[in-house]
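Student: give me coordinates for this.
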Amino acid sequence: MRKMPLEKRGISDSRLVLGCMGFGGGWNRDPYTTEHIKQAQAAVEAALSIGITMYDHADIYTMGKAEAVFGQVLKQQPDLRDNIVIQSKCGIVLAEDGKLTRFDFSKSHILESVDGTLARLGIEYLDVLLLHRPDPLMEPEEIAEAFGILKQSGKVRHFGVSNMSPGQIRFIQRELPDELVVNQLEMNLARLDWLNQGIHVNQQAGLASNFAEGLMEYMQTENMQIQAWGPLARGRFTGKPSDNPSAAELATTELVAKLAKQNETSPEAISLGWLMRHPSRIQPVIGSANPERIIACKDAIEQAELITREQWNELYVTARGAVMP
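Tutor: Next up is the predicted model:
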């Protein structure tokens, strides 16, 4: 079995990641509670039970409470830190009401963000730090200075980005001595631009695609890990349909359920397995704090190996709601 890029670099062999955005309660300044800690503990235990050893955070998740609650989980289980990989993100600035105000890749903001994250998590270092969303004012030299300080001080071991194009990645990478190891993107059966961009080359339909051209090929060429946020499309095909589901959504939900029954597994495992079957070795970030839903993903790795080209393409075409061009 081929290894994924993070595994090749000795960072993580976890094919799935637990996204911790739902930890800590609401996106407000209300303090987290003992109940929130118990909920996070249950989610982590569920993740560990199916072999998930990598955990994804961001300094803004539930206004910092997600990291703080996870820190309490680590405090209760001191041995856990040495057996997991912790990833967090920085670069988004929120207002007091939780609304996004701007992006900030300045040296001072990056350094302050990491210090805050480490304090909330109660740990000495991050395994991976991602720049959350592109900052229009980003200066590669300044980012490199911040990364250098973090690496030399032992506060961050590896760096990556999120929601970036090949040009943006190259722009930053040119000043960095170490390779960026991750790019995290929205990818699921409802968000198909990452596939449509490729098959729509020299097609009129390509004008409607909203995805950086050549990004998938670039990531594979540079051996960067592609992580998929929102891989289950908020449950759209696994029991939580949108308010006004399209014909394509209904048909896809039916097909996912059919394949799950046929393979004696869950719809979640089919949806994730479809993503993971892609040659780029996509690493899904499961954004749920519900233990039952986390455990429902346990067969995803096996389903990625079992799914045939015919089944994969049937899911793709059905989700597209249109035949291949």
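
Student: when you work out contacts or count neighbours from here on, use the C-alpha atoms and nothing else.
Tutor: Will do.

Student: summarise which helices and strands the helix or strand encompassing residue 129 is packed against.
Tutor: Using DSSP states H and E, residue 129 falls within strand 126-131. Judged by 3 or more Cα pairs under 8 Å, 6 or more residues apart in numbering; DSSP states H and E, the packing partners of strand 126-131 are strand 85-90, strand 156-162.

Student: in the stretch 201-325 of the chain, which spans are strands?
Tutor: Applying DSSP state E, counting those that start in this stretch to the stretch 201-325 of the chain gives strands spanning 225-229, 283-286.

Student: and of those strands, who's closest to residue 51?
Tutor: strand 283-286 (13.0 Å; Cα to Cα).

Student: quick one on the thing from earlier: can you give me the mean pLDDT across the strand holding residue 129?
Tutor: Here strand 126-131 scores 98 as its mean pLDDT.

Student: partner strands of it, parallel or antiparallel?
Tutor: strand 85-90 (parallel), strand 156-162 (parallel) (DSSP bridges).

Student: buried deepest among the helices and strands packed on strand 126-131, which one?
Tutor: Of all the helices and strands packed on strand 126-131, strand 85-90 has the most neighbours on average by mean count of other Cα atoms under 10 Å, namely a mean of 24.

Student: ok, then the element right after that strand?
Tutor: Next element after strand 85-90 (DSSP H and E): strand 92-94.

Student: pull the residues that contact that next one.
Tutor: Contact with strand 92-94 is made by 60, 100, 101, 102, 103, 104, 132, 133, as judged by Cα atoms under 8 Å, 6 or more residues apart in numbering.

Student: and if you look at stretch 164-180?
Tutor: 133-134, 139-141, 143-144, 158-161, 183, 185, 212, 214-215, 218-219, 224.

Student: now list the buried members of those.
Tutor: 133-134, 140, 143-144, 158-161, 183, 185, 215, 219, 224 (16 or more other Cα atoms under 10 Å).

Student: between the residues you listed, which is nearest residue 47?
Tutor: Relative to residue 47, and with distances defined as Cα to Cα, the nearest of the buried ones among the contacts of stretch 164-180 is residue 185, at 21.3 Å.

Student: what about the closest one, distance to residue 318?
Tutor: Between residue 185 and residue 318 the computed distance is 22 Å (Cα to Cα, to the nearest Å).

Student: again, but for residue 244
Tutor: From residue 244 to residue 318 the distance is 17 Å (Cα to Cα).

Student: neighbour count: those two, which is higher?
Tutor: residue 318 (19 against 7; other Cα atoms under 10 Å).

Student: what about residue 178, neighbour count?
Tutor: 14.

Student: right, I mislabeled it, should have said residue 116
Tutor: Quick note: residue 116 (other Cα under 10 Å) scores 16 neighbours.

Student: SS state for it?
Tutor: helix (DSSP: H, G, I helix; E, B strand; the rest coil).

Student: so what's it up against?
Tutor: residue 59.

Student: make TSV from the strands of the stretch 201-325 of the chain and add mean neighbour count, mean pLDDT and distance to residue 200 to it.
Tutor: Listed next are these as TSV, based on neighbours: other Cα atoms under 10 Å; pLDDT from 0 to 100; distance: least, Cα to Cα, whole Å:
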stretch	mean neighbour count	mean pLDDT	distance to residue 200
strand 225-229	23	98	21
strand 283-286	26	98	25
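
Student: can I get the ones you listed in JSON lines with distance to residue 309?
Tutor: JSON lines is the format used below for the strands of the stretch 201-325 of the chain (distance: least, Cα to Cα, whole Å):
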{"stretch": "strand 225-229", "distance to residue 309": "21"}
{"stretch": "strand 283-286", "distance to residue 309": "19"}
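
Student: closest to residue 52 out of the ones you listed?
Tutor: strand 283-286 (10.1 Å).

Student: residue ranges with poor pLDDT in the stretch 1-150 of the chain?
Tutor: 1 (pLDDT under 70).

Student: can you give me the helices in it?
Tutor: 5-8, 34-49, 65-76, 107-121, 140-152 (DSSP state H, counting those that start in this stretch).

Student: looking at the ones you listed, which is buried most?
Tutor: Counting by mean count of other Cα under 10 Å, the most buried of the helices of the stretch 1-150 of the chain turns out to be helix 65-76, with a mean of 22.

Student: in CSV: the strands paired with strand 126-131, plus distance to residue 286.
Tutor: Listed next are those as CSV, based on distance: least, Cα to Cα, whole Å:
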stretch, distance to residue 286
strand 85-90, 14
strand 156-162, 16
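
Student: returning to that earlier point: what's the closest of the helices and strands packed on strand 126-131 to residue 67?
Tutor: Nearest of the helices and strands packed on strand 126-131 (Cα to Cα): strand 85-90, 8.9 Å.
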